[in-house]
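Engineer: Take this sequence and fold it.
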Amino acid sequence: MGVLQVERPAWMTEDLQVFDGAARKFLERECLPHSEKWIKQQHVDRDVWRKAGQAGLLCASTPEEYGGAGGTFAHEAVIIDHLGQLGIDGWGIVLHNAIVAPYIFHCGSEEQKRRWLPRLASGDLVAAIAMTEPGTGSDLQSIKTTARRDGNHYVINGSKTFITNGGTANFIIVVVKTDPTQGSKGTSLIVVETDEVEGFRRGRVLEKIGQKANDTAELFFDEVRVPTSNLIGMDEGRGFIQLMQQLPQERLIIALQAMAVIERALETTISYVKERKAFGKQIIEFQNTQFKLAECKTEATVAKVFCNHTTGLLLEGKLDPFMASMAKLWLSEVQCRVVDECLQLHGGYGYMNEYPIARMYADARVQKIYGGTNEIMKVLIARSL
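Structural biologist: The predicted model follows:
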C-alpha cells in the first residue's frame, strides 16, 4: 500500500495491475537512466516516443480500432503515477495521451480519427496543444491567433507560448479565431502537422524554474496553410465548447500528478530523516519532525482518497467541472505545502539540486498556474454554491 496505506480503489482491476507492472518496467528501463540527460538538454529524446508506442504506452486509453491500447483513463492514471514516483514527470507523454488524443477521439471526424490516432499511438506523431498566448494566460476567449479561410485551406497567423512539448511536437492542435467578431463562439481547433507546412517556426525552449526536461516553447505561425479538413469537428466555432468538454479530465490529470509527487516527497523524506543525524540522534526522533510528517501524511492520505474518488467519477462519466476544479485546486496546494515541509526537513541539503526534493520543490510551483490558475479554479467552484 505504500507510505499512505490507502487501499486500492475498485477501478484498479487485475488487468490494470498487469499494465501497472509493465508500465513501471518500461519507465525504469527506457527513461530513468536518461532522466539527468533530459533535464540538462531540456528535452526528451525523440526515440523514446517510438519505443513507448511499441510498448503500448502511447494512446493507452484510445480504442484499438484506432491504433491505441484499448484501455481507459485508469491506464493513463497508472502512467501518471509512475512518472511522478520515478521523477521523470518532465516527459510530456501525459499531454500526448490524455489531453491531445482525446480531442481527436471525442471531437474529430471518423476520417480524422483514422488519419491521426494510429500515428499518435505509434510515436510517429508527437502531440501538443497550443492554447496560451503572450497576452492571454487563462483568458482563452481573448486569443488573437486567427485562421482565415482561403478556398479549401485555412491560413493561420499568430503566436503561442508556454507550449508543453513545443520543441518536439509535429502534431499541434492550435486554438484559433475563425471569426474574431464572435468572441468564444468564433473559436475553433485546427491541427497543424508541422512537417507538412511552411511558415511555422519554433521559438526558444523557455528557461523555467522547474520541469526542465520538458521542451516548453514558443510557437509562431506566419501564413501557415493547412487543409480545411484539419478543422476538428464538422463546424467552425465549436472550439471553446470542445475545450470546456475536455477540461475536467485535464484538471484531474494535474491532481494525479500532484498526488504522485506528494507520495514521492514523503517516502524520500521519511527515508532521509531516519538516516540523517543531528545533535546525536536521528532527525526522525525529534518531536517537530514527527509532528510535521504526521501532518503531511494526514493531508496526503485525504488527498489520495479524494484522487481515487474523482478518478472513479471520471471513469463512470460523472466528473463535473466543479469537482475537477476542486481536485486541481486542492491537490496542487497540498503538493506545494507537503514538498515545502519535506524540503525543510532536509535542511541545507534540501536546497541542493542533487537531492530529489529540491527538484520536486521547483517542479511543483507551476501546478498552481497551468491548467487554469488556482484563482480561476476558485471562481469556477464558487459557481456551484
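
Engineer: so how far is the longest helix anywhere in the chain off the chain centroid?
Structural biologist: Longest helix in the chain by number of residues (criterion: DSSP state H): helix 239-275. In terms of Cα atoms, centre = their mean, to the nearest Å, the gap separating the centre of helix 239-275 from the centre of its chain is 9 Å.

Engineer: Give me the next element, helix or strand, following that helix.
Structural biologist: strand 277-278 (DSSP states H and E).

Engineer: For that next one, enumerate the helices and strands it packs against.
Structural biologist: Using 3 or more Cβ pairs under 8 Å, 6 or more residues apart in numbering; DSSP states H and E, no helix or strand is in contact with strand 277-278. C-betas here are computed from N, CA, C, even on glycine.

Engineer: still on that earlier bit, buried residues, the longest helix of the chain. List them.
Structural biologist: Within helix 239-275, the residues scored as buried using 16 or more other Cβ atoms under 10 Å are 239-240, 242-243, 246-270, 272-273.

Engineer: can you give me the helices in the chain?
Structural biologist: 14-26, 35-41, 47-54, 73-86, 93-95, 101-107, 110-122, 239-275, 287-315, 321-345, 356-364, 374-382.

Engineer: Distance to residue 183 and mean pLDDT for the ones you listed - can I get that in CSV?
Structural biologist: What follows is the helices of the chain, written out as CSV (distance: least, Cβ to Cβ, whole Å; pLDDT from 0 to 100):
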stretch, distance to residue 183, mean pLDDT
helix 14-26, 42, 96
helix 35-41, 40, 95
helix 47-54, 37, 97
helix 73-86, 31, 97
helix 93-95, 27, 97
helix 101-107, 20, 97
helix 110-122, 26, 98
helix 239-275, 9, 96
helix 287-315, 29, 97
helix 321-345, 20, 98
helix 356-364, 35, 97
helix 374-382, 18, 96
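
Engineer: Let's have those in CSV, adding distance to residue 143.
Structural biologist: Output for the helices of the chain, formatted as CSV (distance: least, Cβ to Cβ, whole Å):
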stretch, distance to residue 143
helix 14-26, 35
helix 35-41, 31
helix 47-54, 28
helix 73-86, 27
helix 93-95, 19
helix 101-107, 16
helix 110-122, 22
helix 239-275, 10
helix 287-315, 27
helix 321-345, 20
helix 356-364, 27
helix 374-382, 16
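
Engineer: Quick one: closest of those helices to residue 219.
Structural biologist: helix 93-95 (14.4 Å; Cβ to Cβ).

Engineer: Roughly how far does the residue nearest to residue 167 when sequence neighbours are not counted sit from residue 207?
Structural biologist: Distances taken as Cβ to Cβ, 6 or more residues apart in numbering place residue 215 nearest to residue 167, at 3.1 Å, with adjacent residues excluded. Residue 215 sits 12 Å away from residue 207, taking Cβ to Cβ, to the nearest Å as the criterion.
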